[in-house]
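Visitor: A predicted structure for the sequence below; I have some questions about it.
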2 protein chains.
Amino acid sequence: MEYRFSSRVSQLKSSAVRDILKLTQGTDMISFAGGLPAEELFPVEAVSEAAQRVFRAGAGALQYSLTEGYLPLREQLCRRMADKNMFVNPDQMLMTTGSQQAIDLLVEVLTEPSDTVLVEKPTYLACLQVFALHGLKVVSVDSDEHGMIPESAERLIALHRPKLLYAVPTFGNPTGNVWSVERRKKLLALCQSNGIPIIEDDPYGDISFDGNEPIPTLFALEGKAEKGTVIYTSTFSKTVAPALRTGWAIGDSKVIRMMAVAKQAADIQSSSLDQQILSQLLGFFDLDAHIKLISDSYGERMLEMHRLLEQASLPDVTWSKPRGGMFMWLKLPEGLDAEALLKAAVRKGVAFVPGSSFYADNPQRNTARLNFTHNKGTRTEQGVARLVEALGEFTARS
Amino acid sequence: MEYRFSSRVSQLKSSAVRDILKLTQGTDMISFAGGLPAEELFPVEAVSEAAQRVFRAGAGALQYSLTEGYLPLREQLCRRMADKNMFVNPDQMLMTTGSQQAIDLLVEVLTEPSDTVLVEKPTYLACLQVFALHGLKVVSVDSDEHGMIPESAERLIALHRPKLLYAVPTFGNPTGNVWSVERRKKLLALCQSNGIPIIEDDPYGDISFDGNEPIPTLFALEGKAEKGTVIYTSTFSKTVAPALRTGWAIGDSKVIRMMAVAKQAADIQSSSLDQQILSQLLGFFDLDAHIKLISDSYGERMLEMHRLLEQASLPDVTWSKPRGGMFMWLKLPEGLDAEALLKAAVRKGVAFVPGSSFYADNPQRNTARLNFTHNKGTRTEQGVARLVEALGEFTARS
């Protein structure tokens, strides 16, 4: 038979990141493309011990659990959130299959097709897919290294009456930027006064290189869950391991309840084995010390890549020096198309994500996202050398 | 702030089954409500050993994996499917968070809001939630103990031009019924000639009590994946354990690819730790022997409940004697409302699901679904006694 695919899915393309991941698997490719954490830092022995504790507790651990998530883990997470001045109870928290699912469910409960959502410019690629699948109109707010520009947001709110604002304010994907506290306060006030819920996506907030006072989240700045403007989401994917696929959302209990209803239909519940393993892990493993260890290592890797790029003295190429997270943002000479460069780079054996993938509209084609967490040492050296070589040949030709 | 919830989610109520599960947790309630497998039969030691093997393989096991699912597991599952005369390759298979997610993704890629889907009468409750969330019109096909009635399906196809047909043809939920081979062939031919894709939901097919020749699935009867009419889904939730939350869909490679694109947006990927544990498990654990053990035990539990109901000699009450699966379908005297009975039953300390929850339209209110797998021995005896008592008082009063 011939299938008639739905219009929403027909217009979607597979994510460039995922396709590149598939392309580069099992080859000698050095990939700065995917948002992969460093495998050698995964606390595999502690996770293994945590799993054994779950199994020793008996067969009951393998039964169905609650859609809302494993209660002891929610309680532990509430305490961790409180350490960051985010005060919630377990009814204000939903466990999800990564923070990606939290975004999807939130869009599901808070928007109708053809509603408008505001995003940063550039913004997280996979959220653009969520918005497309839900039939949303996506509008980019002008943004710089300090975050969304309030004047641009104000103008676009008046123009589009958006239903939602989505942001990664801390060590953002793809730029690595951090919103200033002033911008945070202004954007929050703007959304409060216009009744626009904010999805604060914070997968990287813990991965801070400079050890300074942590930056307050939008959620912490607002200081309330009930009837709050901000629904906050994060994940264990970067701090423990992605294979356990466990994220969470916090916010108003009614919003959380509606998300749980939508989740019942979507998949009934996320892996409760993974949630129980994480709960056990938090009981005996010093996750904060581990996060410090990861952050220090990632900071070194970032500096290493930064140094290698500097040594290459590339004319008209600039890059960010992020204070945390997993990504560096590269600006190539005006007029250079990073998608074309990617093809040349892949032939040399190095991959990255062209920046154009991260724009909802009017892409800046001369940009690229480099991940600095998955490689180190000679791999990073080789990768940057290959990239520099590809860039040299490419600019010589054009 | 005040939230404006989307119209699709506002009209949804939380699943009765889930709410009852929440209600009965931690009390002395004997629950025949949830579709819970027997915990004491979970192969917890084998799962624990499988997990250890995953962790021993190293930290790489904890990295991100493919949206499509862990390839070695898909290869193993393809071989298991072939044993049931379902021949697919890994590109024709998607791993999902339970078979629930497979249904949700399939609806996402194959329907537009306000399309019509045909279902059995009665049908699986949580699929009704999926259809409602996607804005589908749900139409029930007249069904009896041999499956959907072809004449009714034919008439409704002509009337509604449905985009999809959803069925649980083997040991169905809620009735426990099995479609006859003749009905399978007729319904398949009808859908083929009208170009209507079928979701064949088969979570219970392995749980057979009589050890007879297995019943051919609709997918096996059609005998092809590419351009096939049937997309088949199943799960490890009933045969291994629900906490590992791993299901799969098989079908045409283009449909599977579109589902993977939708899954990227929904949650990027399901737990790859769970998938790797299952893959290891299949390498050393005799799953077929384990399924035989579960099935034998569930068959005994079904007979036990059947015998207890018979002994109670309830006037005008009938019940099914399923050949497999996890549920028994009770018909109460005409005019009796099982939802009202549930309230009386819960006061006595026993829970079930009123049959009305399983109807897309025109519910038969004098029906009820009893799960017979989660309890046994004196628990089942007590539960049935409480139910009989509630029923006696209830009918005496009305």
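Guide: Ah, there it is. Computed from a prediction, not measured in an experiment: that's the story for all the values here. Numbers count the residues shown, from 1 in each chain, chains lettered A, B, ... in the order given.
Visitor: Using the three-state scheme, assign A:Tyr166.
Guide: Under DSSP: H, G, I helix; E, B strand; the rest coil, A:Tyr166 falls in the strand class.
Visitor: OK, contacts around it?
Guide: A:103, A:117-120, A:123-124, A:127, A:131, A:198-199, A:201 (Cβ atoms under 8 Å, 6 or more residues apart in numbering or on different chains). To be clear about C-beta, it is placed using only N, CA and C from the backbone, and glycine gets the same treatment.
Visitor: Excluding chain neighbours, what is closest to it?
Guide: Setting aside the residues directly before and after it, A:Tyr166 is nearest to A:Ile199 in space (Cβ to Cβ, 6 or more residues apart in numbering or on different chains), at 4.6 Å.
Visitor: If the one you found is in a bridge, with which residues?
Guide: Beta-bridge partners recorded for A:Ile199 (DSSP bridges): A:Tyr166, A:Ile231.
Visitor: Could you report the neighbour count for it?
Guide: 26 (other Cβ atoms under 10 Å in any protein chain shown).
Visitor: can you check A:Ala338 too?
Guide: Neighbours of A:Ala338 under the rule other Cβ under 10 Å: 25.
Visitor: Quick check: the gap between it and A:Val255.
Guide: Using Cβ to Cβ, to the nearest Å, A:Ala338 is found at 38 Å from A:Val255.
Visitor: for chain A, longest helix please?
Guide: helix A:287-311 (DSSP state H).
Visitor: tell me what that helix is packed against?
Guide: Helix A:287-311 sits against strand A:327-331, helix A:377-397, with contacts defined as 3 or more Cβ pairs under 8 Å, 6 or more residues apart in numbering or on different chains; DSSP states H and E.
Visitor: Check the offset of that helix from the chain's centre.
Guide: Relative to its chain's centre, helix A:287-311 lies at 18 Å (Cα atoms, centre = their mean, to the nearest Å).
Visitor: Show residues contacting the helix or strand that it is followed by.
Guide: Per DSSP states H and E, the first helix or strand lying C-terminal to helix A:287-311 is strand A:318-319. Residues outside strand A:318-319 that contact it (Cβ under 8 Å, 6+ apart): A:306, A:309, A:328-331, A:370.
Visitor: from the chain's centre, how far out does strand A:318-319 sit?
Guide: So, by Cα atoms, centre = their mean, the centroid of strand A:318-319 is 21 Å from its chain's centroid.
Visitor: Now a PyMOL select for only the buried ones of the contacts of A:Tyr166.
Guide: In PyMOL, this line selects whichever of the contacts of A:Tyr166 come out buried by 16 or more other Cβ atoms under 10 Å in any protein chain shown:
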select buried, chain A and resi 103+117+118+119+120+123+124+127+131+198+199+201
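Visitor: residue contacts, the most centrally placed residue in chain A?
Guide: Centroid-nearest residue in chain A: A:Pro203, 5.0 Å away (criterion: Cα atoms, centre = their mean). The contact partners of A:Pro203, by Cβ under 8 Å, 6+ apart, come to A:99, A:168, A:173, A:234-235, A:237-238, A:247.
Visitor: Those residues: which ones sit near chain B?
Guide: Residues of those in contact with chain B (Cβ under 8 Å from any Cβ of the partner chain): A:Ser237.
Visitor: Please flag which of the contacts of A:Pro203 sit within strands.
Guide: Those of those mapping onto strands are A:234-235, A:247, per DSSP state E.
Visitor: Most neighbours among these, which one?
Guide: Scoring the ones in strands among the contacts of A:Pro203 on neighbours with other Cβ under 10 Å, the highest-scoring entry is A:Ser234 at 26 neighbours.
Visitor: So for that residue, what's the pLDDT?
Guide: Here the pLDDT value assigned to A:Ser234 is 98.
Visitor: contacting residues around it?
Guide: By Cβ under 8 Å, 6+ apart, the residues touching A:Ser234 are A:99, A:202-203, A:205, A:247-248.
Visitor: All set now, cheers.
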